[in-house]
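**Q** Give me a model of this one.
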Amino acid sequence: MRRYAATSVWWCGRWVVRYWVMRLPYTPDDAVYMTSVVLRNKFQMPPSVWKSLTDERRAEYVSWELWDPANVKKCACSFLRPTW
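**A** Down below sits the predicted model:
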């Protein structure tokens with residue numbers, strides 16, 4: 001349990017320093033993570049659908065930079081809400 005707690009604290013601290021304090025661009029892995037979170041929370045995409053997407057489709061979603069609220073507004077149209 002302690003190891004999990006220490007890992008979580010390290011991960012959260014790294015995230016805060018890199019992206020909130022230093023305002024660095026997301027790494028490719030973090031961009032994928034943020035895209036999946038936005039699709040799950042804002043567009044109600046089930047995690048199983050995200051996992052079943054092709055790499056090309058995931059890359060397309062990541063390229064839209066949906067973690068930026070301005071881009072979410074631009075992309076909030078019917079093609080993002082297929083019948084999962």
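
**Q** Just the buried positions in stretch 38-58, please.
**A** Within stretch 38-58, the residues scored as buried using 16 or more other C-beta atoms under 10 Å are Val38, Leu39, Phe43, Met45, Trp50, Arg58. Every residue, glycine included, has its C-beta placed from N, CA and C.

**Q** and the last one, what element?
**A** Same thing as Arg58. helix 55-63 (DSSP states H and E).

**Q** Run through the residues that contact Val37.
**A** Trp67 (C-beta atoms under 8 Å, 6 or more residues apart in numbering).

**Q** could you redo the last one with a cut-off of 10 Å?
**A** By C-beta atoms under 10 Å, 6 or more residues apart in numbering, Val37 lies in contact with Trp50, Leu66, Trp67.

**Q** Go ahead and confirm the first one touches Val62.
**A** No. With contact taken as C-beta atoms under 10 Å, Trp50 and Val62 are classed as non-touching, separated by 11.4 Å.

**Q** shared neighbours of those two, anything?
**A** Val32, Thr35, Ser36.

**Q** most neighbours, which of the residues you listed?
**A** Neighbour counts for the shared contacts of Trp50 and Val62 peak at Thr35, which has 22 neighbours (criterion: other C-beta atoms under 10 Å).

**Q** give me the element it is part of.
**A** helix 28-42.

**Q** Next secondary structure element downstream of that helix?
**A** Counting by DSSP H and E, what follows helix 28-42 is helix 47-52.

**Q** Do me a favour and average the pLDDT over that following helix.
**A** For helix 47-52, the mean pLDDT works out to 94.

**Q** and that helix, C-alpha only, in CSV?
**A** Provided in CSV are the C-alpha atoms of helix 47-52 (Å, rounded to 0.1, in the frame of the first residue of the first chain):
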residue,chain,number,x,y,z
PRO,A,47,-13.4,2.9,-21.9
SER,A,48,-14.0,-0.3,-23.9
VAL,A,49,-14.6,1.8,-27.1
TRP,A,50,-11.4,3.7,-26.5
LYS,A,51,-9.5,0.4,-26.1
SER,A,52,-11.0,-1.0,-29.3
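
**Q** what residues does it touch?
**A** So helix 47-52 is in contact with Val32, Thr35, Ser36, Val37, Leu39, Arg40, Pro46, Arg57, Arg58, Tyr61, Pro82, Trp84, going by C-beta under 10 Å, 6+ apart.
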